[in-house]
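Trainee: Below is the sequence, then the predicted model.
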Amino acid sequence: MQTARDKIRELRSLHEDGLLSQQEFDSRKNAILDAEYAPPGGSGTPMAPAIHIRQGTEIGLMVGQEIGPQNRRYRLEQLIAQGGMGQVWQAMDLATHAELGHSAMVALKILPPQLTQSATHAKLLIEEATQARRLAHEHIVRVYEWAQDPATSSYFIIMECLEGEDLDSLLAREGPLTLARVQELLAPIAEALQYAWDKHKLVHRDIKPGNVFVTKKGEIKLLDFGIAARARSSASSIGLEAPGNSGTAGYRAPEAGTLQRQPSRALDVYAVAVMIYQMVEGHMPFDGPRSASHEPPRPEALSAREWDALRSGFAFDPDRRPLTVPDLLAALRGAVGPSPQELAVQHAAQQAQEQLAHAAQQVAQRAQEEVRARQLAVQRKAEAEAAAAAHLLKEKQRKEQEAIDRAQADAAKRERKEALSRQLRERREADFEAERKAREEQQRKAMQAKAVAAYRAEQQRAREEMAERSVAESSAQPPEQGSQVADTEGVLRDRFLDGTGTGPELVLLPTGRFQMGSPEHERKIAMRAGSQQAWVERETPQHWVGIEQPLAMGRFPVTVGQWRQFVRATGWQPHGEVNWAEPGFAQADDHPVVGVTWHDAQLYVRWLSEQTGQVYRLPSEAEWEYACRAGTKTAFSFGDEIDTSLANYDGNYTYNGSPKGEYRQGTTRGGLFAPNPWGLYDMHGNVWEWVQDTVHDNYQGAPNTGDAWEQGGDQSRRILRGGSWLYNPRYLRSALRNGFSAQLSNDIVGFRVARNIVAP
């Protein structure tokens with residue numbers, strides 16, 4: 001009888017010969033595996049083959065089709081897999097990969113409408129997708145977002161796109177594996193399961209070879225964490241699957257489906273133990289429903305001690321299993337060693353080997369004595385010849401040493417001369433550098449004084465105008481406008497005209513010129529860190545920009561407390577996808593506000609202008625990069641390297657040799673990290689910041705005056721700068737440009753304000 005493995009091997013041969021397409025190969029392979037894992041007789045089947053075919057085609061998807069909401073479209077490129085839980089497609093992200101931080105090619109898990117036809121089921125799916133999005137582990141496939149296609153009413157999950165094969169395909173290609181190879185493949189899975197439990201108290205509940213993926217680079221990834229299990233439970237309630245069948249037949253523990261307050265880790269231990277048996281023996285340990293007395297035969301590849309350790313993993317009683325999958329693998333590693341019978345054979349072989357070695361030693365000893373006698377005669381002759389040669393050699397060495405001494409004396413003389421010249425040159429360069437820094441510091445102070453003088457002149461004019469109005473008016477004097485003057489550090493804060501509050505803290509920026517964009521060597525480093533060519537080309541060509549008008553910029557991004565003041569004063573109502581008051585992580589009033597669209601930020605700066613009588617606005621992209629660099633030319637304002645003590649980002653990733661660090665999974669309060677050289681906080685990381693400009697592919701045709709570039713480009717999207725808590729460190733560079741729909745909000749996007757300073 002032909003086994004499932006034999007059938008898959010035949011399919012793979014047809015595919016490699018060009019007789020089957022990739023889509024046809026994946027479809028037939030999944031049908032074979034579904035039939036293999038289904039119990040005999042059809043009872044308790046997780047999903048009948050007829051349901052697979054009906055639901056796989058009922059969605060009506062095809063290559064080249066675009067799905068998703070209007071502002072978040074995906075083009076289907078290739079069907080990867082299909083089954084009772086829907087279809088998995090490789091797709092091109094047409095709009096949002098720039099905002100979400102993943103590559104243009106993604107994987108879409110598209111669920112049939114039957115699984116989410118009620119609002120309750122859809123809510124459960126969204127909750128699971130949101131939870132899976134926070135599973136940031138190198139051995140768990142990354143979930144980016146979820147969406148719904150209005151044309152098919154299908155919900156789909158946007159995931160990391162992997163190249164490689166699952167364990168089903170690997171086993172079909174390689175056949176049974178050694179225990180060492182099995183432990184190498186499953187050790188990363190154990191780490192991922194332990195992380196999910198420690199961080200989120202999650203159990204996978206559907207571990208099987210089809211949910212373990214081996215990439216072309218040899219990385220191990222765990223698939224379907226939580227989403228499939230939730231979707232199955234939803235399917236049960238509409239009659240697509242028998243209740244309580246969490247998991248896949250053959251790998252499902254006997255107690256699965258019983259009423260439990262919380263799924264036990266013993267479910268995953270059972271499934272992994274079954275997988276180990278299958279991987280070393282080439283077939284499943286149980287042919288049908290499991291009974292307490294049923295026990296499979298011991299695989300020939302396992303010793304008695306190893307077999308005892310593995311049997312404990314799929315014990316019928318969950319209390320007799322190891323507590324965790326890492327414990328199961330540790331027990332297998334500890335069981336390595338020979339059995340008593342093997343020890344007896346080894347002992348007899350060792351005794352025979354020792355006897356042979358003793359006899360060989362005696363023969364060798366006699367031969368050595370003869371050799372030593374001949375060597376002694378040769379040695380005496382050689383000593384006489386060596387004595388004569390030594391005398392000649394000594395005389396030759398004396399002459400050579402004299403020549404070396406003369407050469408070393410000449411070299412030392414030249415080296416002293418060169419050292420004196422080098423010290424003189426370095427002293428001159430140090431004097432020149434000190435003079436240059438002194439000139440730059442003098443220029444900075446002069447520009448700072450000019451900006452402060454401009455602000456004070458502005459306030460003086462305002463006071464004079466108010467004094468003139470007060471003579472003509474009989475009513476009570478209004479509160480004095482902007483009475484607070486910038487301090488010696490260039491920090492100012494405008495008071496509201498009605499005396500009810502103050503605006504954000506501002507920092508006066510000096511005027512000047514800078515090179516906008518990134519140099520070639522920085523782009524090469526960014527690409528080695530994982531950036532795509534298209535991303536770094538947005539930062540070109542590097543060009544000079546002049547900031548000639550006095551300017552003040554928000555010391556911090558607009559905070560939760562400042563946004564709450566605006567909401568109470570205007571009655572603003574949110575309409576985006578993220579609730580600014582409850583974004584999904586803890587926030588205080590001094591944290592940056594998120595969940596704000598570009599249009600919401602425009603409402604805020606107009607309201608702030610009305611309250612203070614000053615001109616507030618979003619900074620232009622050129623002004624933002626000028627302020628972020630603060631006179632520096634490196635990738636970040638603090639140098640070309642970064643770590644999580646300097647900014648808030650996903651510390652699981654590194655940049656330019658920097659170490660891994662903390663992943664805080666949300667925003668941090670303003671002032672937690674040191675400011676840049678001009679006193680601005682959180683210019684790198686924490687939240688992306690809206691600026692005024694529309695999205696352009698590069699700087700061709702960009703203005704060099706520092707003004708916002710709002711002509712042409714993609715008018716529906718606006719530029720984001722600075723990176724965020726969810727992103728890799730390469731996105732925090734001063735030159736990096738991102739874009740996002742002006743209509744959308746997110747839990748990683750905020751903004752900071754700019755204010756015009758009128759020169760005297």
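Mentor: Yep, that arrived.
Trainee: Could you check how far the closest residue in space to residue 754 that isn't next to it in sequence is from residue 635?
Mentor: Nearest non-adjacent residue to residue 754, counting by Cβ to Cβ, 6 or more residues apart in numbering: residue 619, 3.9 Å away. Where C-beta positions appear, they are placed from N, C-alpha and C, glycine not excepted. Taking Cβ to Cβ, to the nearest Å as the measure, residue 619 and residue 635 are separated by 21 Å.
Trainee: and the one helix or strand residue 165 maps to, what does it pack onto?
Mentor: Element membership for residue 165 (DSSP states H and E) is strand 164-166. Packing partners of strand 164-166 (3 or more Cβ pairs under 8 Å, 6 or more residues apart in numbering; DSSP states H and E): strand 212-215.
Trainee: follow-up on the earlier one: list the buried ones in the very next helix or strand once past the strand holding residue 165?
Mentor: Downstream of strand 164-166, the next assigned helix or strand under DSSP H and E is helix 167-174. Within helix 167-174, the residues scored as buried using 16 or more other Cβ atoms under 10 Å are 167, 168, 169, 170, 171, 172.
Trainee: Hmm, the first one is touching residue 186, no?
Mentor: No: under the criterion of Cβ atoms under 8 Å, residue 167 makes no contact with residue 186, lying 9.3 Å away.
Trainee: which neighbours do the two share?
Mentor: Residues touching both residue 167 and residue 186 by Cβ atoms under 8 Å, 6 or more residues apart in numbering: 212, 275.
Trainee: returning to what we had before: what's next to the strand holding residue 165, contact-wise?
Mentor: With contacts defined as Cβ under 8 Å, 6+ apart, strand 164-166 is touched by 173, 209, 210, 211, 212, 213, 214, 215, 216, 217, 223.
Trainee: Direction included, what does it pair against?
Mentor: When pairing is defined by DSSP bridges, strand 164-166 lines up against strand 212-215 (antiparallel).
Trainee: Now the strand it pairs with - C-alpha only, PDB.
Mentor: Backbone C-alpha positions of strand 212-215 (Å, rounded to 0.1, in the frame of the first residue of the first chain) are rendered in PDB as follows:
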ATOM      1  CA  VAL A 212       7.000  24.100  11.400                       C
ATOM      2  CA  PHE A 213       8.800  25.900   8.600                       C
ATOM      3  CA  VAL A 214      12.500  25.700   7.500                       C
ATOM      4  CA  THR A 215      13.700  28.700   5.500                       C
END
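Trainee: After it, which helix or strand is next?
Mentor: Criterion used, DSSP H and E; the element after strand 212-215 is strand 220-222.
Trainee: mind giving me the domain ranges of the protein?
Mentor: Per automatic domain parsing, the structural domains of the chain span 4-334, 491-756.
Trainee: how far out from the middle of the chain is the longest one?
Mentor: When you say that, I think you mean domain 4-334. Centroid separation between domain 4-334 and its chain, computed with Cα atoms, centre = their mean, to the nearest Å, is 22 Å.
Trainee: for stretch 380-387, same thing?
Mentor: Stretch 380-387 sits 73 Å away from the centroid of its parent chain (Cα atoms, centre = their mean).
Trainee: Can you check which helix is longest in this protein?
Mentor: The residue-count maximum for a helix in the chain (DSSP state H) belongs to helix 340-472.
Trainee: What average pLDDT does the following helix or strand past that helix get?
Mentor: In the C-terminal direction, the helix or strand that comes right after helix 340-472 (DSSP H and E) is strand 491-492. Averaged across strand 491-492, pLDDT comes to 86.
Trainee: now swap in stretch 395-411 and tell me
Mentor: Mean pLDDT, computed over stretch 395-411, is 89.
Trainee: Check stretch 223-240 too.
Mentor: Rounded mean pLDDT across stretch 223-240 is 49.
Trainee: try stretch 334-346
Mentor: On average, stretch 334-346 scores 59.
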